[in-house]
Structure formats: structure tokens, C-alpha cells
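Novice: This is a predicted model, with the sequence first.
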Amino acid sequence: MEEVREERKEKTGARHPAHQATLFLEGRLGEEGFHSPRLPRGLRAAVAGYALSQPEEHRGEGVFTLWPRTDEEGRLTEVQVALKLKRPMEGPELVVHGILLHADGRRFVVLVQPKSGEAFRLVLGRARGFTAFLEPRKAYRFEGALRGGRLLAERAFPLGKWVLARKGERPLPEPIEGDRNPHLEGRRGKEPAPGEAKPKERPEEAQRPAPAPPGPEGPPKPQKEARPPGERGPRRDPVRVWRAPEEEAPGGLGLPPPLPKGQVMGLVGEGPYYLVLRPEALALWWPKVERLLPEFPRRHEVRWYPDGSRAVVAWDLEALKVWYKRVLRG
């Protein structure tokens, strides 16, 4: 039984590498607290880890290991001073190991689950030029820096492959940086040969003009009745959901913008812009819309109406057109 437990512990550890969020900054730790010219003025800096249990060994000037926390915009809100490095700093200024919950054109939302203590969310901004697509619900190692009071991700690695490389079991994986992710697989296409650029849809393509695709004509094929939203489990996208009032509201707030005659789904509006799905189209098309919502690169809302219609509302028409094409392709 003990052998089985040890084997299970080893396998579990291989599947779930330890998570961390560490910022390396120069500064000074004294009896009055920690100070660094790189930290925003007035930021709370607590003492934790070895710096708390063995204060005499970690006081003075040097490069310190900090545990950061951020707000929803990626701004640094708190740091915990863990220890002072004994050797010169080598490697990136910021290292984050965690599960990617959400990614868009400007930030990553990462769930960090340390060995001890409670799990927390960290928001990392995208550094300039880092536009590569990362798959949500997968574990990554992010490397970056502190810039202007914000944590910025400059590159990433699949965490499992990076851990195996550190153990010497395989070569170091290629970094995900710039506009290229060499580790995409499955629905994102085959992995490219070395030195070959991978054709994919980039976030900046959402800004290129594209003709509006026509909505599907006529009623969809008969499908099983869609389950109520409450029976599908938690929503995977973090967008705000707006429900129209049940009673009749002035200005047509209780109804989506009308579609052309005969259409059950399509793009309408003059700003903001709507992808409207009539009740007849929900069973066939809404699962595809919901599945691709986390990949929409711009600010948007999901709206529910009393007549059963639903809509995705955005303020960037070209981004909505490009994303709608992906929905139609399935």
C-alpha cells in the first residue's frame, strides 16, 4: 500500500508541477520594512518566508525574491518579501507558473496554486509585440518584467515541457514569443517544421477590413431543445452578461436589433455592433458561439432577451467580423 501511495504521489507531482509567482527586484530590507526604487510609491510590502523567520540573514541591500499580487488591470497591489539572494541574479525578472484562465489582446489571467497557502489569480499584461495565441485551461511558465507598476509577460513556455527539460528528460521547449506559438496542436493546426512560420489568425488581423459575412438563410436543421443556461455549468468567459428587463421597456431595450427578413442570425447595428441569434438558431449555433467567446480579442458583452434571443455586443466592428467568420466555420 505504501508503494502504491508513493507511486501515486510521484505521478500526481508530474501532472501538476508546483506553481509560483516570483518577482526579483533590487532593494533594501531593514527593521522599518522593505524599500525598492522599482516599486510604486505607497505600495504595501509585507515580510514573509525566510525573511520573516530568519530576519538577520536577509536584511541589508541586494536582490530580493518577492511574491506579487495584482489587480484586474495587472497593476501591482502588494508584494511579500521572501528572501535575499545569495548569488547574483540570473534569468528573467518575473517568473509565473500557473494555469491560464483567460487571454485577450492585452492581458493574461493566470491561476497560481502554490504548494502551501491559498490559490490566487494574477493578471499579466502583454509586453509590446507579444501577440502569440495561448490556449486557456493549460499550464504555462510566463517570463517577463515589472514595467511602470505593471507585471508584463514577454514570453511563455508550456509548463509541463519546461519542467521535464529542467529534470534533463527532454530538451528545453521553444519559447512562445512575438506572434508565434510553436506548440499549438489539435484545432489550431499541425506543429510547423523548424524555421517555418505557422499560419494562424493573429490578434492584429481583427483590425483589418473584412466584408461582413451573410447570416445563414432560413431556419436551421431540427435539433434537440437547448437546455436552460443554468444546466450547462459555469460560463467559461468572463464577460459581463446583460439581461433585458422582463417588462416592456422604453426604447426597445427588451428586444435585440431586428435582423433582415428571413434571417435567424447575423450582424446588425451601427455602434455598438451586435451578433444576434434568434431563438430558432440557438440550438445549432449558440454552442459554437459560446465555445469561441474566450478567444474574442476585444471588449464585449453577452446579452439575453426575454423573447429568447441572445446577442454578442462589441464596439470593434472589424474584430467582430473576423471572429464571426470563425463561428461560421465551426
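Specialist: Received, thanks.

Novice: Touching stretch 308-319 from outside, list them.
Specialist: 206-210, 242, 255-256, 269, 271-279, 282, 286, 289, 293, 296-305, 320 (C-beta atoms under 8 Å, 6 or more residues apart in numbering). In short, each C-beta sits where N, CA and C put it, glycine included.

Novice: How far off centre is that stretch?
Specialist: Relative to the mean C-alpha coordinate of its chain, stretch 308-319 is positioned 20 Å out (C-alpha atoms, centre = their mean, to the nearest Å).

Novice: can you give me the end-to-end distance of it?
Specialist: The straight-line separation of the ends of stretch 308-319 (C-alpha to C-alpha, to the nearest Å) is 25 Å.

Novice: try stretch 259-278
Specialist: OK, stretch 259-278 end separation, C-alpha to C-alpha: 9 Å.

Novice: Now, the contacts of stretch 308-319 that are in strands?
Specialist: Per DSSP state E, strands hold the following members of the contacts of stretch 308-319: Trp242, Tyr273, Tyr274, Leu275, Val276, Leu277, His300, Glu301, Val302, Arg303, Trp304.

Novice: So the fourth one is in contact with Leu259, correct?
Specialist: Pointing back at Leu275 there. No - checked against C-beta atoms under 8 Å, the pair Leu275 and Leu259 is beyond contact range at 10.4 Å.

Novice: between these two, who's got more neighbours?
Specialist: Between Leu275 and Leu259, Leu275 has the larger neighbour count (other C-beta atoms under 10 Å), namely 24 against 19.

Novice: Show me the beta-bridge partners of that one.
Specialist: On the basis of DSSP bridges, Leu275 is bridged to Leu267, Val312.

Novice: so what pLDDT did it get?
Specialist: As predicted, Leu275 sits at a pLDDT of 92.

Novice: ok, it - contacts?
Specialist: Applying C-beta under 8 Å, 6+ apart, the residues contacting Leu275 are Met265, Gly266, Leu267, Val289, Ala311, Val312, Ala314, Leu320, Tyr324, Val327.

Novice: Which two of these have the greatest separation?
Specialist: Met265 and Ala314 (15.4 Å; C-beta to C-beta).

Novice: so, if you compare the ones in strands among the contacts of stretch 308-319, which one comes nearest to Gly149?
Specialist: His300 (27.1 Å).

Novice: Run through the residues that contact that closest one.
Specialist: Val239, Leu293, Val312, Val313, Ala314, Trp315, Leu320.

Novice: what about the residue nearest to Pro173 when sequence neighbours are not counted, which SS state?
Specialist: Closest residue to Pro173 apart from its sequence neighbours, by C-beta to C-beta, 6 or more residues apart in numbering: Lys161 at 4.1 Å. Classification of Lys161 using DSSP: H, G, I helix; E, B strand; the rest coil returns helix.

Novice: buried residues in the strand or helix carrying Leu23?
Specialist: According to DSSP states H and E, Leu23 maps onto strand 20-30. Neighbour counts using 16 or more other C-beta atoms under 10 Å place Gln20, Ala21, Leu23, Phe24, Leu25, Gly27, Arg28, Leu29 of strand 20-30 among the buried residues.

Novice: Check which strands are paired with it and give the direction for each one.
Specialist: strand 33-35 (antiparallel), strand 60-70 (antiparallel), strand 94-103 (antiparallel).

Novice: who's in contact with that strand?
Specialist: 34-39, 47, 51, 58-68, 79, 81-82, 84-85, 89, 91, 93-98, 110, 112, 114, 122, 146, 151.

Novice: What's the PyMOL line that selects buried ones from those?
Specialist: For the buried members of these, the matching PyMOL selection, counting by 16+ other C-beta under 10 Å, is:
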select buried, resi 34+36+39+47+51+58+62+63+64+65+66+67+68+79+81+82+84+93+94+95+96+97+98+110+112+122+146+151
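
Novice: what about the residue nearest to Pro173, distance to Glu280?
Specialist: Lys161 is 45 Å from Glu280, where distance means C-beta to C-beta, to the nearest Å.

Novice: any idea how far Arg155 is from the nearest residue to Phe133 once chain neighbours are set aside?
Specialist: In this structure, Phe133 finds its nearest non-sequential neighbour in Asn181, 5.6 Å apart by C-beta to C-beta, 6+ apart. Using C-beta to C-beta, Asn181 is found at 11 Å from Arg155.

Novice: and the residue nearest to Pro182 when sequence neighbours are not counted, what element?
Specialist: Residue nearest to Pro182 in three dimensions, not counting chain neighbours: Glu174, with 4.5 Å by C-beta to C-beta, 6+ apart. Taking DSSP H and E as the definition, one finds Glu174 inside no helix or strand.

Novice: circling back to that earlier point, find the residues that touch each one of Leu275 and Leu259.
Specialist: Met265, Gly266.

Novice: Do a quick rundown of the helices in the stretch 201-330 of the chain.
Specialist: 282-292, 317-329 (DSSP state H, counting those that start in this stretch).
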